[in-house]
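Novice: 3D, please:
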Amino acid sequence: MRTSRLGLSLAFAGMAVGLAGCSGLQQAPGPLAAAPITRDDPHASLLTPGEDAAAMADSFSLMAVAPNFLQGQKDFTNALSVVFPKTVKTNGRSCASCHFTGAGFTMSPKGVQALAASNPTDALFAAEMADAGPDVTQAEIHQRLTQQALIRVNLSNPWYDPKTAGDPYNPKDLRFWRSVPTAINAGLANSAKYKNPVTGKPDSGMIMWDMRETSLEKQAVDASHGHAQGTGFFPGNLGIDVAEFERKAATIPSSLYKAKLAKVTIDPRHTNPADPFFGTPVFDPMTVKDKFFRTVNITPGSAEWRGMMVFVGTPQNPHCIVCHNQPETLAGGTVMNRDAMVSETQDASFPVVHLRLKDDKGAWHNCDTKDPGCAVTTGRYEDLNTFKVPQLRNIKTFGRYFHDNSSLDLQDVAQHYRENLPQIFKDMKGKDRNDLVAFLNAL
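Specialist: Model prediction:
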């Protein structure tokens, strides 16, 4: 639990602007017993509550005839140097090294510790220095990996000027600790060729926490060069195959892969009296369920149902749906990125990143932060400390939360928002928080 926080709070109706932040010490996780972990079954743990297992099995049997899916499965779960031994060299890592297919397609401390206990020479650990930099030791990399499931990210400064090399606010590279984003529904959020079934249009810039990747295909290739340190001749269809596998195996629920859902393009913040949904004095639960949570199996009157309404809030004071407003996946549809007040409250042991950013009026700002977020992609001061609004399906399987894995569970997530964004969650009481967590667990 965070004990202190600094920084500007969210500008409710506009883009957030964060300042320097530091946090109180976070409680260190205790020892965790090793548990079996599945990394080679692409269909493990994919059923959401209420989803028809037979329909899911039939869906996957249809996928088996698609050559892109089958090749993508091989490329995702195995090191490319094993799949293409004559043309590719890697450090042994694959996509599944970090995106545990049996654990929400992400990585948690419990999963990493279980893997370390069962296979300490796994490529995830053997290639730890692939994520290193001149300012971090292998011992710290291993500790962050096993205790917090964090990867060291090295990115270029968008405003680096070689003429002023040596300026502390003009580093060539930026380095910070990040969690592994889930691959669940990543294929719905972005593709150069694939249309989002909700909007009917291709989206862009929605891959990774800082939105730096422009397509799922490109992200697959970049990760193969980066975290896997791949060299040699990469097959031309590598990105296409891996992306096809991710779309089909990591779409939750699987019906969304082919779904043509009702379009909801209205920003939930507006209270237009003429609008039949958001303009009403209260949100009708059945309308909310039909428009946003059609495939979520919850019963009227249950804790999960009440939690759904806590998630939505009221027209006068909407809650989580302000940012998580994409139907079914609950990703950021009309809000691309937002400051969740996490970088400002990060672990005190995280190094401070110094960089210079330009605002939309052309003024420069010297910035100090634990993680600049989307600003490292856009170079905009207005994007400092903001991150892609993530999808929420199967969120209970993730194990840790936020871009730095700083929240230990969903109760902690809810409490974080209540403490750090009181202008939105000022009316959320303890019972509301429990109901909200019950709803999130039902996703």
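
Novice: For the rest of this, base every contact and every neighbour count on C-alpha atoms.
Specialist: Will do.

Novice: Which other helices and strands does the helix or strand encompassing residue 287 contact?
Specialist: Here residue 287 sits within helix 285-292, counting by DSSP states H and E. Here helix 285-292 touches no other helix or strand, going by 3 or more CA pairs under 8 Å, 6 or more residues apart in numbering; DSSP states H and E.

Novice: What residues sit buried inside it?
Specialist: Neighbour-count burial for helix 285-292, counted by 16 or more other CA atoms under 10 Å, picks out 288, 289, 291, 292.

Novice: The helix or strand that comes right after that helix to helix 285-292, inter-axis angle?
Specialist: Note on helix 285-292: by DSSP H and E, the next helix or strand toward the C-terminus is helix 303-312. Here helix 303-312 runs at an angle of 70 degrees relative to helix 285-292 (axes from the mean of the first three to the mean of the last three CA atoms, to 10 degrees).

Novice: buried residues in helix 303-312?
Specialist: In helix 303-312, counting by 16+ other CA under 10 Å, buried: 303, 304, 305, 306, 307, 308, 309, 310, 311, 312.

Novice: Which of these sits closest to residue 148?
Specialist: When these are ranked by distance to residue 148 (CA to CA), residue 311 comes first, at 27.5 Å.

Novice: how close does the closest one sit to residue 414?
Specialist: Distance of residue 311 to residue 414, computed by CA to CA, to the nearest Å: 10 Å.

Novice: Next, show the common contact partners of those two.
Specialist: The contact sets of residue 311 and residue 414 overlap at residue 436 (CA atoms under 8 Å, 6 or more residues apart in numbering).

Novice: just to revisit the earlier point, make CSV from the buried residues of helix 303-312 and add pLDDT and distance to residue 322 to it.
Specialist: Converted to CSV, these look like this (pLDDT from 0 to 100; distance: CA to CA, whole Å):
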residue, pLDDT, distance to residue 322
303, 96, 21
304, 97, 19
305, 96, 18
306, 95, 18
307, 95, 15
308, 94, 13
309, 92, 13
310, 92, 12
311, 92, 9
312, 89, 8
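
Novice: Would you point out the most distant pair within these?
Specialist: The widest separation within the buried residues of helix 303-312 (CA to CA) is 14.3 Å, between 303 and 312.

Novice: Centroid-nearest residue for this structure?
Specialist: Among the residues of the chain, the one closest to the centroid is residue 181, at 3.9 Å (CA atoms, centre = their mean).

Novice: Next, the nearest residue to that one once chain neighbours are set aside: phi, psi?
Specialist: For residue 181, ignoring the flanking residues on the chain, the nearest one in space by CA to CA, 6 or more residues apart in numbering is residue 106 at 6.0 Å. In this entry, residue 106 is assigned phi and psi values of phi -140, psi -160 (degrees, to the nearest 10).

Novice: any idea how far residue 106 is from residue 178?
Specialist: Distance from residue 106 to residue 178, counting by CA to CA: 12 Å.

Novice: neighbour count winner among these two?
Specialist: residue 106 (24 against 20; other CA atoms under 10 Å).

Novice: Pull the contacting residues for that one.
Specialist: 98, 99, 100, 180, 181, 182, 183, 398.

Novice: For the residues you listed, which entry has the maximal number of neighbours?
Specialist: Busiest of these [other CA under 10 Å] is residue 100, holding 27 neighbours.

Novice: Pull up the gap between the closest residue to residue 109 other than its chain neighbours and residue 215, please.
Specialist: Of all residues not flanking residue 109 in the chain, residue 149 sits nearest, at 4.8 Å (CA to CA, 6+ apart). Residue 149 is 25 Å from residue 215, where distance means CA to CA.

Novice: same thing with residue 369?
Specialist: Look at residue 369 and residue 215: by CA to CA, they are 27 Å apart.

Novice: And for residue 147?
Specialist: Per CA to CA, residue 147 is found 31 Å from residue 215.

Novice: who has more neighbours, those two?
Specialist: Using other CA under 10 Å, the more surrounded residue of residue 147 and residue 215 is residue 215, with 26 against 18.

Novice: thinking that one is in contact with residue 207, fair?
Specialist: Yes - if you go by CA atoms under 8 Å, residue 215 and residue 207 touch, sitting 6.8 Å apart.

Novice: I'd like the next helix or strand past the worst-scoring helix or strand of the chain on mean pLDDT.
Specialist: One helix or strand of the chain scores below all others by mean pLDDT, DSSP states H and E: helix 53-63, with a mean of 38. Moving toward the C-terminus from helix 53-63, the next helix or strand (DSSP H and E) is helix 67-77.

Novice: So which elements touch the helix or strand following that next one?
Specialist: As assigned by DSSP H and E, the chain's next helix or strand after helix 67-77 is helix 80-83. In terms of contacts (3+ CA pairs under 8 Å, 6+ apart), helix 80-83 is packed against strand 88-89.

Novice: next structured bit after the strand it packs on?
Specialist: According to DSSP H and E, the helix or strand after strand 88-89 is helix 95-98.

Novice: what sits up against that next one?
Specialist: Outside of helix 95-98, the residues within contact range by CA under 8 Å, 6+ apart are 39-40, 75-79, 105-107, 123-124, 180, 223-224.

Novice: any idea how far stretch 414-433 is from the chain center?
Specialist: Distance of stretch 414-433 from its chain centroid, counting by CA atoms, centre = their mean, to the nearest Å, is 21 Å.

Novice: who's in contact with residue 182?
Specialist: Residue 182 neighbours (CA under 8 Å, 6+ apart): 99, 104, 105, 106, 398.

Novice: Quick check: the first one touching residue 179?
Specialist: Think residue 99. No - in this structure, residue 99 is not within contact of residue 179 by CA under 8 Å, at 10.6 Å.

Novice: Now list whatever residues contact both of the two.
Specialist: Common contacts of residue 99 and residue 179, defined by CA under 8 Å, 6+ apart, comprise residue 107.

Novice: Count residues in the vicinity of residue 211, would you?
Specialist: Neighbour tally, residue 211, other CA under 10 Å: 22.

Novice: How about residue 378?
Specialist: A total of 18 residues lie near residue 378 under the criterion other CA under 10 Å.

Novice: Could you check the pLDDT of it?
Specialist: For residue 378, the pLDDT comes out at 86.

Novice: same deal with residue 137?
Specialist: Reading off the model, residue 137 has pLDDT 88.

Novice: Can you name the residues that contact the nearest residue to residue 234 once chain neighbours are set aside?
Specialist: Counting by CA to CA, 6+ apart, residue 88 is the residue found nearest to residue 234 once chain neighbours are left out, at 6.5 Å. By CA under 8 Å, 6+ apart, residue 88 lies in contact with 80, 81, 230, 231, 232, 233, 234.
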